[in-house]
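Q: What follows is a predicted protein model with its sequence.
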Amino acid sequence: PGTPSTPPATTPTPTDTVDHLEDAGTAKLTAMAGDAFGKRISTRAETEAGKAVAKVRVRFTIVGDTDTTFTGGESVATVATNSSGVAVAPALQAGEKTGAVTVRATVVGRTVPGLDYKATVTERAADALARTGDAALTCAPGGEFADQVEVKATYQGAVADGVAATATLITSADDATANDKGPYFKDADDKTVRTLTGVKTDAKGLLKLPKLYADDTTGTFLLRITTAGGATLTVELTVAAAETSSPSPSASPSA
């Protein structure tokens with residue numbers, strides 16, 4: 001018996017038939033630092049004629065200088081396309097670095113152009129601020145306030161942790177510039193400070209401001225706290241001389 005004159009024809013694998021990758025309706029990808037992305041990347045493998053190709057492995061790679069990962073901490077994930085030719089990447093988990101993130105989809109075992117997806121990591125934000133206590137903030141001239149101001153930040157009702165905030169003793173409700181008189185904070189060198197920057201809420205969304213002091217100016221003053229994301233809270237501070245304990249006229253002996 002002679003050898004066959006032609007080798008048996010090899011059936012192309014699904015991977016061999018892939019001509020290009022298409023986006024399969026991926027929504028806008030955005031998340032705050034530290035949060036999981038709500039939307040996932042979907043990629044469809046297609047033949048030259050635009051027919052979907054199932055059972056093809058698509059590799060998703062997070063490229064560039066970012067600490068955003070897929071859920072589980074990996075920067076690469078490989079997913080097989082389903083019967084519709086679509087591979088859905090694992091959810092993305094935002095790191096602390098803000099800005100643009102690129103995720104590249106490629107076909108494993110075949111050289112076709114990769115498809116890049118852009119995701120955006122925004123800074124941690126709050127949309128509401130509230131005081132944790134309701135004690136009136138009062139102080140005698142030249143004294144110090146007994147209570148430190150503490151606020152809780154939330155975003156869509158959930159704890160807003162790690163959110164940058166600024167606290168300013170403002171001139172008036174209509175003038176957000178720092179006051180040149182009235183209550184103040186002290187810096188590390190005991191110098192008067194009326195604007196605090198670079199403070200952040202803790203893991204529970206709480207921010208406790210340093211102790212406040214009063215100069216000799218009496219009256220009502222305003223402390224405004226603002227966060228990334230636009231949440232604002234204005235707190236009233238009162239500086240008033242302690243009331244004297246002289247007997248009231250009604251208690252004085254009659255003439």
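A: Right, received. Where do you want to start?
Q: so who does the nearest residue to Glu144 once chain neighbours are set aside touch?
A: Once flanking residues are discounted, Glu144 sits nearest to Tyr213: 4.8 Å by C-beta to C-beta, 6 or more residues apart in numbering. From N, CA and C alone the C-beta is placed, and that goes for glycine too. Shown here is Tyr213, whose contacts under the criterion C-beta atoms under 8 Å, 6 or more residues apart in numbering are 139, 143-145, 183-186.
Q: what separates Tyr213 from Pro141, distance-wise?
A: The gap separating Tyr213 from Pro141 is 11 Å, by C-beta to C-beta, to the nearest Å.
Q: so what are the domain limits for the chain?
A: The chain breaks down by the TED database into domains covering 15-122, 128-239.
Q: ranges for the strands of the stretch 1-150 of the chain?
A: Along the stretch 1-150 of the chain, counting by DSSP state E, counting those that start in this stretch, strands occupy 20-23, 29-32, 42-46, 57-63, 69-70, 76-80, 86-88, 92-93, 99-107, 115-122, 128-131, 138-139, 150-155.
Q: which intervals of this protein have sub-threshold pLDDT?
A: Residue ranges of the chain with pLDDT under 70: 1-8, 244-255.
Q: For it, which segments count as helices?
A: Taking DSSP state H, the helices of the chain run over residues 14-17.
Q: center of it - which residue?
A: Closest residue to the average C-alpha location of the chain: Arg124 at 1.8 Å, with C-alpha atoms, centre = their mean.
Q: could you list every residue that touches that residue?
A: When contacts are counted by C-beta under 8 Å, 6+ apart, Arg124 touches 32-34, 160-164, 228-229.
Q: So which of those residues are in strands?
A: The strands, defined by DSSP state E, take in 32, 164 from these.
Q: Nearest to Leu196 among the contacts of Arg124?
A: Within the set of these, Ala164 lies nearest Leu196; the separation is 11.3 Å, counting by C-beta to C-beta.
Q: what pairs with the nearest residue to Thr232 once chain neighbours are set aside across the strands?
A: Computed as C-beta to C-beta, 6+ apart, the closest residue to Thr232 that is not its neighbour in sequence is Thr226, at 4.9 Å. In this structure, Thr226 bridges to Thr166, Thr232 when assessed by DSSP bridges.
Q: Quick check: Thr226 touching Ala164?
A: No. At 9.6 Å, Thr226 does not count as touching Ala164 under the criterion of C-beta atoms under 8 Å.
Q: Make JSON lines out of the domains of the chain and add distance to Ala9.
A: As requested, the domains of the chain are exported to JSON lines (distance: least, C-beta to C-beta, whole Å):
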{"stretch": "domain 15-122", "distance to Ala9": "13"}
{"stretch": "domain 128-239", "distance to Ala9": "59"}
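Q: Which residues does stretch 27-39 contact?
A: Judged by C-beta under 8 Å, 6+ apart, the contacts made with stretch 27-39 from elsewhere in the structure are 26, 41, 71, 91-98, 117-125, 155, 161-162.
Q: same deal with stretch 135-149?
A: Stretch 135-149 is contacted by residues 131, 133, 167, 183, 208-218, 223, 225, 235-242 when judged by C-beta under 8 Å, 6+ apart.
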